[in-house]
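Asker: Requesting a structural model of the entry that follows:
(one chain, ligands or ions: 1)
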Amino acid sequence: MNIYQNMLQAKANAEKRFAMLIDPDKVHLNDIDEIIKRAVDAGVDYFFVGGSLIVNNGLDSCLTEIKKRCSIPLILFPGDSYQLSYRADAILFLSLISGRNAELLIGKHVITAPYLKLSPLEIISCGYILVDGGVPTTVSYMSNTQPIPSDKDDISICTALAGEMLGLKLIYLDAGSGAVIPVSESMIESVSQTIEIPVIVGGGIDTPEKALRNVKAGADIIVVGNAIEKDPRLIQEIAHAVHSVTPV
Ligand code: 1GP
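Answerer: Below is the predicted model of the structure:
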């Protein structure tokens with residue numbers, strides 16, 4: 001079973017998944033043993049690896065070091081088309097559908113497609129919806145796009161629906177890394193009730209309670225980066241909260 005089939009099966013069974021975001025710039029190879037051990041012990045389902053802006057050249061080595069230590073699937077979450085590596089298992093082939101920047105809707109994809117065709121990576125197309133997180137985020141600046149206002153559930157619903165109709169396999173509602181206002185439960189609920197494909201939610205989730213509220217609202221996969229970098233003990237607590245939602 002490939003990674004996407006695993007996501008679909010989890011959704012069909014109403015099981016929730018927890019993805020830990022690793023920014024190769026921020027993870028120190030000295031700390032990697034501890035982080036991986038915590039992730040394996042906690043039952044983290046996926047590693048998303050990437051960042052809006054990677055300054056150092058550590059992507060390959062970061063992936064290699066993680067791969068040596070565990071079998072948790074490694075999914076590239078690229079902030080740009082240069083953030084590619086054959087050492088991951090899959091890639092979120094992101095189209096920034098909340099924005100109107102043609103390069104991030106299709107332009108970069110055209111450039112990257114031939115490389116990906118030759119790669120062993122599983123390609124998972126993903127409609128990326130940036131939602132206002134209360135602070136200007138790196139992704140909003142770098143993408144030169146406006147996020148959807150945090151209270152405009154209707155715009156998010158229509159955007160997600162259009163993404164699904166275009167054949168995208170996942171929808172990612174992201175308030176951006178370090179968001180002060182995470183995506184609202186009302187928006188998560190409206191979007192997840194409208195579309196059939198799995199919904200990923202991230203940006204500013206920093207407590208197990210928040211993660212739990214989001215999965216209860218309908219998120220299928222919760223992504224946490226910043227909060228875990230600050231306090232790795234949260235890996236266990238958030239994984240427990242996400243996995244505590246049992247099928248009804
Ligand atoms: C950002 O959704 C991710 O793209 C995770 O955000 O770093 O705020 O957890 P945080």
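Asker: Could you look up the SS state of the closest residue to residue 15 other than its chain neighbours?
Answerer: The shortest distance from residue 15 to any non-neighbouring residue, by C-beta to C-beta, 6 or more residues apart in numbering, is to residue 247 (6.6 Å). Placement of C-beta: from N, CA and C, glycine included. Three-state call for residue 247 (DSSP: H, G, I helix; E, B strand; the rest coil): coil.
Asker: Over to residue 125?
Answerer: Quick answer, by three-state DSSP: residue 125 is strand.
Asker: how many neighbours does it have?
Answerer: A total of 18 residues lie near residue 125 under the criterion other C-beta atoms under 10 Å.
Asker: ok, now residue 242?
Answerer: The burial count for residue 242: 27, using other C-beta under 10 Å.
Asker: Tell me how far the residue nearest to residue 15 lies from the ligand.
Answerer: To the ligand, residue 247 is 25 Å away according to C-beta to the nearest ligand atom, to the nearest Å.
Asker: do the same with residue 236
Answerer: Applying C-beta to the nearest ligand atom to residue 236 and the ligand gives a distance of 16 Å.
Asker: now residue 159
Answerer: 17 Å.
Asker: Checking my notes, that residue in a helix, right?
Answerer: Yes: under three-state DSSP, residue 159 falls within a helix.
Asker: ok, how many other residues are close to it?
Answerer: Residue 159: 21 neighbours (other C-beta under 10 Å).
Asker: Over to the one 3 residues further on?
Answerer: Under the neighbour criterion other C-beta under 10 Å, residue 162 is assigned a count of 13.
Asker: which ones are touching it?
Answerer: Applying C-beta atoms under 8 Å, 6 or more residues apart in numbering to residue 162 gives the contacts residue 97.
Asker: Quick check: beta-bridge partners of residue 49?
Answerer: residue 22, residue 76 (DSSP bridges).
Asker: my read: it touches residue 73, true?
Answerer: No: contact criterion C-beta atoms under 8 Å: residue 49 and residue 73 do not qualify, at 10.4 Å.
Asker: Of these two, which one has the most company?
Answerer: Neighbours were tallied for residue 49 and for residue 73 using other C-beta under 10 Å; the higher tally belongs to residue 49 (26 against 18).
Asker: where's the more buried one relative to the ligand, distance?
Answerer: Using C-beta to the nearest ligand atom, residue 49 is found at 12 Å from the ligand.
Asker: who touches the residue nearest to residue 15 in this structure?
Answerer: 13-15.
Asker: Neighbour-wise, which one of those residues leads?
Answerer: residue 15 (17 neighbours).
Asker: What strand or helix carries that residue?
Answerer: If you go by DSSP states H and E, residue 15 is not part of any helix or strand.
Asker: can you tell me how far it sits from residue 171?
Answerer: Per C-beta to C-beta, to the nearest Å, residue 15 is found 18 Å from residue 171.
Asker: What of residue 238?
Answerer: 21 Å.
Asker: Quick one: residues contacting residue 33.
Answerer: Here residue 33 is in contact with residue 69 (criterion: C-beta under 8 Å, 6+ apart).
Asker: Mind telling me what element it is part of?
Answerer: helix 32-42.
Asker: May I see the buried residues of that helix?
Answerer: 32, 35-36, 38-39, 42 (16 or more other C-beta atoms under 10 Å).
Asker: Report the distance from it to the chain centre.
Answerer: The chain centre lies 19 Å from the centre of helix 32-42; the measure is C-alpha atoms, centre = their mean, to the nearest Å.
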